[in-house]
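Q: Here is a sequence together with a model predicted from it:
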Protein chains: 2
Amino acid sequence: MSNAFTDRLRGHGPLSDDDVRLLTAACHSIRGHRAGHHLIREGDRPDPVFVMLEGWAARYKILPDGGRQIMAFMLPGDFCDIHIAVLEAMDHSIVTLTKAKVASLPRQQMEALVEARPAITRAFWWSQLVDQGVLRAWIVSMGRRKAQERVAHLMCELYIRMHNIGLATDNQCEMPLTQVVLADAVGLTPVHVNRVLQALRQAEVMDLRSGSLTILDPAKLARIAGFDANYLHRRLKRAA
Amino acid sequence: MSNAFTDRLRGHGPLSDDDVRLLTAACHSIRGHRAGHHLIREGDRPDPVFVMLEGWAARYKILPDGGRQIMAFMLPGDFCDIHIAVLEAMDHSIVTLTKAKVASLPRQQMEALVEARPAITRAFWWSQLVDQGVLRAWIVSMGRRKAQERVAHLMCELYIRMHNIGLATDNQCEMPLTQVVLADAVGLTPVHVNRVLQALRQAEVMDLRSGSLTILDPAKLARIAGFDANYLHRRLKRAA
DNA sequence: CGAGGTGTTGAAATATCTCAAGCGCCGTGG
DNA sequence: CCACGGCGCTTGAGATATTTCAACACCTCG
């Protein structure tokens, strides 16, 4: 009677058993997808809200010149904006990056939950808050950090997020990102990302390779990244 | 019985007279500030929610190396995240950029409104949605657009937002940004921003000067920027 | 009158991109 | 089982966008 989704929301504040039951029930349609499957495409009329139960996905936009910019990574427990259903057309797309299991909640059911269950609404707001914090951190990175710092910062973010959902062991976790995906996220060129990764490896700071990240020197990594975790404010940790 | 704030929210969906009355009443403490006044500083414990009634403000973060990155501009009718009150400490600051009039709503009153008034909650969600759209657009800009396109895009965004709140006439509006503020927003150097502005001026695309923006060739500007307004989904326009 | 913020200009330095090529791996199809 | 093609990673060298540093003019404000 729980999954990555309810666990995550519970991290944002107490939910009654009833709340959890309603939420799990709402995730009725659960489907498996392979890497590269589009959950939504730009231009689609959005209806259901997607919730990642397993695997990774990315939210991205394609520019007129064909370039791609990734705006967010979605990990297990994350979900697409609840209110997105109000729009007529998506202005971006979402793809799975790995094999994934995703639930979809019909819009109406979502809204019903929000209207009826204050605790759930509150949990959603929290989640929103964290998401916005992440978006802002990305803006700071892209605006003022140089290549090395940028990828270091992203690795910090993703490691912490993985850690928060119990998917990281000591200084190591899965990180199923190819160098071009990484490049599209940090706003660099794949070849430059490659060189940056090599530099970080040779400096014995971190090692990203074949789908997994190893942090060799956490303090140094955080210093390079200028990383300050508290924008990810994880209630979970504190409540535990 | 209305102000920039209620007008804005009304743009996101119908509000009853009662809703509007409650909202205006909630803006009890209204104060004037001069340019450069901090509404919140990083590290502060946030309590009230601020609403811009007149003037501009910017949300920014200072990096370890002393650099500043602006993450958002706040125009009349905008407000800081409602839920921000849940945090223990602000992870960024907000300053006024011009003389400004701002209302502050106590946290509790805010939450009471949200619990009691579904229409108001809905309006807040909309507002959130738009804000997130803007954040994402900034990420795309900083990640994949070059200097000229970036400032062109920002000018498009700000012009449209000013237009939406009735503060722009034909292809012209107030734009009280110094070149260094602009630079801190788009992630460039002030001197480079200067050159970009000159280029856009000489190309007769737009002219930003002494606090006001003139769009000389809207089509060209939008083309350079790769601008697509629909992420700002303004209900106002449609409803009108 | 002086000080500081703002806009402007020039020239050299540098981070990042572009283009181009090669290598290893893996899954597919013959 | 092998050959092939495609993808992901790596490397090099030259091109380019943007930064840095430094200086100056202008204006406002005290």
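A: Right, received. Where do you want to start? Numbering: from 1, shown residues only, chains lettered A, B, ... in the order given.
Q: Now do the longest helix along chain A, average pLDDT.
A: Scanning chain A for the longest helix, with DSSP state H as the assignment, gives helix A:118-144. What helix A:118-144 shows for mean pLDDT is 90.
Q: For whichever helix or strand comes after it, name the packing helices and strands.
A: For helix A:118-144, the succeeding helix or strand toward the C-terminus, using DSSP states H and E, is helix A:147-164. For helix A:147-164, the packing partners by 3 or more Cβ pairs under 8 Å, 6 or more residues apart in numbering or on different chains; DSSP states H and E come out as helix A:118-144, strand A:172-174, helix A:179-186, helix A:190-202, strand A:206-209, strand A:212-215, helix A:218-225. Where you see a C-beta, it was placed from the backbone N, CA and C, and this is true even at glycine.
Q: Note down every partner strand of the shortest one and its orientation.
A: Strands that pair with strand A:172-174, judged by DSSP bridges, come out as strand A:168-169 (antiparallel), strand A:212-215 (antiparallel).
Q: and the last one, does that touch DNA strand D?
A: No: under the criterion of Cβ under 7 Å from any atom of the strand, strand A:212-215 makes no contact with DNA strand D; the nearest approach is 10.7 Å.
Q: so who does the nearest residue to residue A:138 once chain neighbours are set aside touch?
A: Excluding the flanking residues, the one nearest residue A:138 by Cβ to Cβ, 6 or more residues apart in numbering or on different chains is residue B:139, at 5.3 Å. Each residue near residue B:139 by Cβ atoms under 8 Å, 6 or more residues apart in numbering or on different chains is listed here: A:69, A:71, A:135, A:138, A:139, A:142.
Q: returning to what we had before: figure out which of the helices and strands packed on helix A:147-164 is closest to residue B:109.
A: helix A:118-144 (16.4 Å; Cβ to Cβ).
Q: quick one on the thing from earlier: next, the buried residues of the longest helix of chain A.
A: Buried residues in helix A:118-144, counted by 16 or more other Cβ atoms under 10 Å in any protein chain shown: A:119-144.
Q: okay, the spatially most central residue of chain A: pLDDT?
A: Nearest to the geometric centre of chain A sits residue A:74, at 2.9 Å (Cα atoms, centre = their mean). On the pLDDT scale, residue A:74 is placed at 97.
Q: how far away is it from residue A:81?
A: Relative to residue A:81, residue A:74 is positioned 11 Å away (Cβ to Cβ, to the nearest Å).
Q: swap in residue A:3?
A: 20 Å.
Q: need the contact list for residue A:57.
A: Applying Cβ under 8 Å, 6+ apart, the residues near residue A:57 are A:39, A:73, A:74, A:94, A:95, A:96, A:97, A:100, A:102.
Q: and if we set it to 10 Å?
A: When contacts are counted by Cβ atoms under 10 Å, 6 or more residues apart in numbering or on different chains, residue A:57 touches A:33, A:35, A:37-40, A:50, A:72-76, A:78, A:80, A:94-98, A:100, A:102.
Q: just residue A:87 next, same as before
A: A:44, A:45, A:46, A:81, B:129, B:133, B:230, B:231, B:233.
Q: From the residues you listed, list just the buried residues.
A: A:46, A:81, B:129, B:133, B:231, B:233.
Q: Give me the pLDDT for residue A:47.
A: Reported pLDDT for residue A:47: 80.
Q: Pick the most buried one from the strands paired with strand A:172-174.
A: Among the strands paired with strand A:172-174, strand A:212-215 has the highest mean neighbour count (mean count of other Cβ atoms under 10 Å in any protein chain shown), at a mean of 17.
Q: is DNA strand C contacted by that one?
A: No: counting by Cβ under 7 Å from any atom of the strand, DNA strand C has no neighbours in strand A:212-215; the shortest distance is 14.1 Å.
Q: Stretch A:122-141 too?
A: No: interface with DNA strand C: stretch A:122-141 contributes nothing (Cβ under 7 Å from any atom of the strand), its closest point being 10.8 Å away.
Q: rewinding a little: any chance of the buried ones among the contacts of residue A:87 in a markdown table, plus distance to residue B:59?
A: Below are the buried ones among the contacts of residue A:87 laid out as a markdown table (distance: Cβ to Cβ, whole Å):
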| residue | distance to residue B:59 |
| --- | --- |
| A:46 | 27 |
| A:81 | 20 |
| B:129 | 18 |
| B:133 | 16 |
| B:231 | 18 |
| B:233 | 21 |
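Q: so who does the residue lying closest to residue A:217 once chain neighbours are set aside touch?
A: Among residues not flanking residue A:217 along the chain, residue A:205 sits closest, at 5.2 Å (Cβ to Cβ, 6+ apart). Residues counted as contacts of residue A:205 (Cβ under 10 Å, 6+ apart) are A:148, A:152, A:155, A:199, A:215-225.
Q: just residue A:173 next, same as before
A: Residue A:173 touches A:155, A:158, A:159, A:160, A:161, A:162, A:163, A:167, A:212, A:213, A:214, A:215, counting by Cβ under 10 Å, 6+ apart.
Q: Dump those into TSV; add pLDDT as well.
A: Below are those laid out as TSV (pLDDT from 0 to 100):
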residue	pLDDT
A:155	98
A:158	98
A:159	97
A:160	96
A:161	96
A:162	96
A:163	95
A:167	96
A:212	97
A:213	98
A:214	98
A:215	98
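Q: got any ranges where chain A has weak pLDDT?
A: A:1, A:83, A:85-86, A:233-240 (pLDDT under 70).
Q: let's see it at 90
A: Applying pLDDT under 90 to chain A flags the ranges A:1-3, A:8-14, A:23-28, A:45-48, A:79-91, A:106-130, A:229-240.
Q: Can you name the residues of it that neighbour DNA strand C?
A: A:146, A:147, A:148, A:187, A:188, A:189, A:191, A:192.
Q: Distance check, the first one against DNA strand D.
A: It refers to residue A:146. As judged by Cβ to the nearest atom of the strand, to the nearest Å, residue A:146 and DNA strand D stand 8 Å apart.
Q: what's the nearest residue to residue A:128 if we skip its chain neighbours?
A: residue B:128 (6.4 Å).
Q: ugh, typo on my part, it should be residue A:182
A: Residue A:182 sits nearest to residue A:193 (Cβ to Cβ, 6+ apart), 5.2 Å away.
Q: Touching, residue A:112 and residue A:25? I think so.
A: No: the pair residue A:112 / residue A:25 is not scored as a contact, 11.5 Å apart, by Cβ atoms under 10 Å.
Q: Residue A:33 contacts residue A:99, correct?
A: Yes: Residue A:33 is within contact range of residue A:99, at 7.1 Å (criterion: Cβ under 10 Å).
Q: Now for the two: what residues contact both?
A: With Cβ under 10 Å, 6+ apart as the test, residue A:33 and residue A:99 both reach residue A:55.
Q: residues near residue A:73, how many?
A: 22 (other Cβ atoms under 10 Å in any protein chain shown).
Q: Looking at the contacts of residue A:87, which one is closest to residue A:108?
A: Nearest to residue A:108 among these, with distances taken as Cβ to Cβ, is residue A:46, at 13.3 Å.
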